[in-house]
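Q: Fold the stuff below for me.
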Amino acid sequence: MSISNITVYMPSVLTLIGIPGLGSVQCWIGIPFCAIYLIAMIGNSLLLIIIKSEHSLHEPLYIFLGMLGATDIALASSIMPKMLGIFWFNVPEIYFDSCLLQMWFIHTFQGIESGILVAMALDRYVAICYPLRHANIFTHQLVIQIGTMVILRAAILVAPCLVLIKCRFQFYHTTVISHSYCKHMAIVKLAAANVQVNKIYGLFVAFTVGGFDLTFITLSYIQIFITVFRLPQKEARFKAFNTCIAHICVFLQFYLLAFFSFFTHRFGSHIPPYIHILFFSSIYLLVPPFLNPLVYGAKTTQIRIHVVKMFCS
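A: Have a look, this model is predicted:
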């Protein structure tokens with residue numbers, strides 16, 4: 001598809017071309033993407049049903065896990081329907097305002113997921129380092145307050161990106177987005193204007209959320225490991241460490257994939273566009289919703305027991 005060089009004033013419709021260079025096989029690429037999406041929906045929905053129905057799981061750790069599952073459902077659902085519409089039904093057009101809304105949803109849900117991982121690390125820190133005070137500190141009221149703060153932080157930090165795009169960019173040198181969804185930098189690159197401010201603010205949000213959250217989680221687990229290794233009994237050390245394994249796996253795959261995609265996007269100019277979009281820009285958003293329920297289902301005994309009970313009863 002050719003890209004027009006004509007400057008367009010505030011376009012009402014944009015075009016998502018999917019994966020550049022792979023247009024002829026996009027219908028086949030959509031099959032594994034759809035399978036990943038369906039497994040993510042089923043796994044996270046099952047997780048939410050179990051946590052809601054079992055009163056023994058109404059504890060801070062599982063409430064945060066339920067919030068993570070709901071966020072994963074929302075994140076995957078903000079991407080996949082339109083992506084499959086491009087791959088299978090050749091519907092690449094998207095309204096400009098809908099594109100901005102999708103961008104806001106994607107980056108907001110990413111920020112929420114990062115914040116929930118911080119809250120889960122804090123919960124494990126208090127549970128292991130101050131076990132006798134955990135119930136008094138992590139009350140249901142505090143859990144609600146933390147959840148509200150996590151949501152508001154992500155929504156407020158991402159919102160100025162929409163305002164900057166809407167107010168500063170009136171002229172666009174193309175209406176074609178070489179991507180399968182509306183990513184912040186993909187939209188900014190369309191503008192026929194100085195985009196430096198928007199790029200800087202995007203980096204500020206990424207490093208504020210990702211940098212702070214990753215640092216906090218790392219420091220929390222350093223203190224947790226110090227406390228665990230000081231426990232006198234081997235079984236106690238194993239039990240304490242085992243409660244953190246699932247969370248460690250989830251936060252490692254979330255941040256490693258995100259930072260790998262970020263640095264590849266910034267410094268991987270030699271990588272073909274279809275490789276970057278297919279593996280580094282799309283997969284990293286779909287893998288966490290797909291893997292999270294599988295990891296927690298396999299590594300959390302209480303959830304595994306209730307899953308077996310649900311399907312065997």
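
Q: So, low pLDDT: which residues of the stretch 1-150 of the chain?
A: Within the stretch 1-150 of the chain, the stretches with pLDDT under 70 are 1-6.

Q: do that again at 90, thanks
A: 1-12, 17-26, 29, 53-58, 90, 131-132 (pLDDT under 90).

Q: Strands of this structure, residue ranges please.
A: Secondary structure of the chain (DSSP state E): strands located at 8-9, 13-16, 93-95, 171-172, 176-177.

Q: quick one, what contacts the residue nearest the centre of the chain?
A: Nearest to the geometric centre of the chain sits Q110, at 3.6 Å (Cα atoms, centre = their mean). Applying Cβ atoms under 8 Å, 6 or more residues apart in numbering to Q110 gives the contacts 75, 154, 209, 258, 285. Every C-beta, even on glycine, is put in place using the N, C-alpha and C of the backbone.

Q: the helices in the stretch 151-300 of the chain, which residues?
A: 184-188, 196-206, 212-229, 234-267, 273-275, 283-299 (DSSP state H, counting those that start in this stretch).

Q: typo on my end, the stretch 1-150 of the chain
A: Taking DSSP H, counting those that start in this stretch, the helices of the stretch 1-150 of the chain run over residues 26-53, 60-77, 80-89, 96-129, 134-137, 140-168.

Q: Include mean pLDDT when you put the helices of the stretch 151-300 of the chain into CSV, please.
A: Shown next, in CSV, are the helices of the stretch 151-300 of the chain (pLDDT from 0 to 100):
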stretch, mean pLDDT
helix 184-188, 82
helix 196-206, 72
helix 212-229, 91
helix 234-267, 80
helix 273-275, 74
helix 283-299, 87
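
Q: coming back round to it: out of the contacts of Q110, which are buried?
A: 75, 154, 209, 258, 285 (16 or more other Cβ atoms under 10 Å).

Q: Not counting its neighbours along the chain, what's nearest the second one?
A: Just to be clear, that refers to A154. G111 (3.0 Å; Cβ to Cβ, 6 or more residues apart in numbering).

Q: Let me see the contact set for the residue of the chain most remote from its centre.
A: No residue in the chain sits farther from the centre than P232, which is 38.2 Å out by Cα atoms, centre = their mean. Contact analysis of P232 by Cβ under 8 Å, 6+ apart lists nothing.

Q: Got the phi and psi for it?
A: Phi and psi for P232, reported as degrees, to the nearest 10, are phi -70, psi -30.

Q: Tell me how far it lies from A240.
A: Note on P232: its distance to A240, by Cβ to Cβ, to the nearest Å, is 12 Å.

Q: how close does the closest residue in space to G85 that isn't next to it in sequence get to S261?
A: Nearest non-adjacent residue to G85, counting by Cβ to Cβ, 6+ apart: V91, 4.3 Å away. Applying Cβ to Cβ, the value for V91 to S261 is 26 Å.

Q: Of those two, which one has the most company?
A: Higher neighbour count among V91 and S261: S261, with 19 against 12, using other Cβ atoms under 10 Å.

Q: which residues sit against stretch 42-54?
A: Outside stretch 42-54, the residues that touch it by Cβ under 8 Å, 6+ apart are 57-58, 62-63, 65-66, 69-70, 72-73, 289-290, 292-294, 296-297, 303, 306-307, 310.
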